[in-house]
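**Student:** fold the stuff below for me.
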Amino acid sequence: MWRLGLVVALAFATSASAHSGGLNSQGCHNNRKTGDYHCHRAAAPASQGPAVKLSRSGICHAKGSTYYNRTYTFTAYPSLAACQAAGGRLPRG
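**Tutor:** Reported below is the predicted structural model:
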């Protein structure tokens with residue numbers, strides 16, 4: 001009987017820590033509380049992602065840039081101009 005209780009407890013513990021879903025084909029979604037766009041799966045190839053990612057630190061990363069594929073928590077924009085208009089800045093260098 002205690003084993004059944006253990007199995008049920010583990011099932012609830014696993015489901016409680018899991019994400020409820022709502023992911024797009026790249027494994028990403030918008031966080032409704034913060035407005036961030038982030039991913040739960042491995043990064044998609046650059047050809048499938050947004051044109052520009054605005055990171056939490058306020059930097060606009062365009063496809064092909066050094067940190068584009070390393071930026072997982074971001075807000076997506078169609079262009080660098082749109083990202084900068086939203087308050088983002090270009091990377092230094």
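
**Student:** what about residue 72, how many neighbours?
**Tutor:** Close neighbours of residue 72, defined as other CB atoms under 10 Å, add up to 16. Quick note: C-beta positions are derived from backbone N, CA and C, even for glycine.

**Student:** spatially nearest residue to it, not counting backbone neighbours?
**Tutor:** Leaving aside its chain neighbours, residue 72 sits nearest to residue 39 (5.4 Å; criterion: CB to CB, 6 or more residues apart in numbering).

**Student:** need the contact list for that neighbour.
**Tutor:** Residues in contact with residue 39 (CB atoms under 8 Å, 6 or more residues apart in numbering) are 26-28, 72.

**Student:** quick check: helices, which of those are part of them?
**Tutor:** Judged by DSSP state H, helices contain none of the contacts of residue 39.

**Student:** mind checking pLDDT for the residue nearest to residue 72?
**Tutor:** Note for residue 39: predicted pLDDT of 77.
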